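In: The sequence isn't on hand, but the structure is:
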C-alpha cells in the first residue's frame, strides 16, 4: 500500500506540471492584462508596474520564474489586491469554501445514502418513486436557480435568513450556501446508492445470508451496504475536491468570500497569479482526494489490493 501511495504521488507531479503549464500560457494569451483595466493610466506608471512584477520579461522567462517561486510555496503577489499575497488570499478563502463544502458534502452523503437505501428496500413502491422523483429534480435544477429561489422565499419573503454575505461566519449566513451546494449532491448520491443497493441486495452472498437466517438489519447494514458504498466513495472524491475549493456560482450569488469568488475576481481583472493559485489549489485537492478514494476502496472491499 505504501509503495502504491508513493507511486501515485510521483505520477501526480507531472500531472500538476501539465496543468500549471497549460493554465499559465492560457492566461497569458487572453487579451488584456492586469494593468490594462485602469483607464487613463500613465504609460510610464504602467511600464513601472509591469517592470516591478516582471511582466516586461519574455514569456518563457516569466514561466520559469513562476515555477521557481511555486516550488518554494510562493504563489506570488496579487496584482489587483496589492496588500495581500495570493497565498494569504487562498488561505482566507479556503477556510470559508472548505467549511461550506465540507458541511454540504457531509449532509449529502448522509441523507443521500439513507434515501437511496430506503428506495432500494422499497423498490417499485411509492417510497421508491418519490425518492427517484426527488433525485431527478435535484440533479436537473442548477444551483443558479436554487440559490435565487432560496433568497426569494426564505430571505425576502419569510425573513428567516439573510439574502447574502458572510456575516463573520454566522450560522444563518451559512444555511443558504450549504443547502444550495448540498441539494444537487444529495440527489446524485441518492440515485447512485439506490442503484448500487438494488444490485447488492440481489447478489449471491446476500441470498446466502438470508438462507443462514441473519436478521434484516445485519444483511442490509453489514453486508449489502458495504458493497453498495463503492460507487458513493468513487463519486465522493471528485465531489469533495469541487465543493471544498469553492463554487463560483454559489459564492458569487451569496457574496461569500471563498475560493470561487476570488477566482472570478481574478479572471475578470486579469490577476494572473490569483487565477493560477486557485487552479493549482484545485488540482492539488483533486489529486489528493482521488488518492484517498483509492485507499478507501481497499478498506471497504477486501478484494481490492494494491501491490
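Out: Done, it's in. Note that the structure is predicted; figures quoted are calculated from it, not measured.
In: Surely residue 159 is in a helix?
Out: No: per DSSP: H, G, I helix; E, B strand; the rest coil, residue 159 lies outside any helix segment and is coil.
In: Show the pLDDT at residue 102.
Out: On pLDDT, residue 102 comes in at 91.
In: Next, count neighbours for residue 23.
Out: Neighbour count of residue 23, defined by other C-beta atoms under 10 Å: 17. In this view, the C-beta of every residue, glycine as well, is placed from N, C-alpha and C.
In: ok, it touching residue 278?
Out: No: Residue 23 is not in contact with residue 278 according to C-beta atoms under 8 Å; the separation is 9.5 Å.
In: Residue 128 against residue 116, yeah?
Out: No: the pair residue 128 / residue 116 is not scored as a contact, 10.2 Å apart, by C-beta under 8 Å.
In: what sits in contact with each of these two?
Out: residue 194 (C-beta atoms under 8 Å, 6 or more residues apart in numbering).
In: neighbour-wise, which of the two wins?
Out: Set residue 128 next to residue 116 and count neighbours by other C-beta under 10 Å: residue 116 wins out with 27 against 17.
In: Can you tell me the element the spatially most central residue of the chain falls in?
Out: Nearest to the mean C-alpha position of the chain, by C-alpha atoms, centre = their mean, lies residue 242 at 1.4 Å. When elements are assigned from DSSP states H and E, residue 242 belongs to helix 230-244.
In: roughly how far is that helix from the heart of the chain?
Out: 8 Å (C-alpha atoms, centre = their mean, to the nearest Å).
In: Following element in sequence after the worst-scoring helix or strand of the chain on mean pLDDT, please.
Out: Using mean pLDDT, DSSP states H and E, the weakest-scoring helix or strand in the chain turns out to be helix 43-52, at a mean of 71. Downstream of helix 43-52, the next assigned helix or strand under DSSP H and E is helix 59-71.
In: and after that next one, which helix or strand comes next?
Out: Next element after helix 59-71 (DSSP H and E): helix 86-121.
In: what angle sits between that following helix and helix 230-244?
Out: 150 degrees (axes from the mean of the first three to the mean of the last three C-alpha atoms, to 10 degrees).
In: Enumerate the positions of helix 86-121 that are buried.
Out: Of the residues in helix 86-121, 86-87, 89-90, 93-94, 96-101, 103-105, 107-109, 111-113, 115-121 count as buried by neighbour count, 16 or more other C-beta atoms under 10 Å.
In: tell me which residues in stretch 153-173 are buried?
Out: 154-155, 161-164, 166, 173.
In: Alright, I will stop here.
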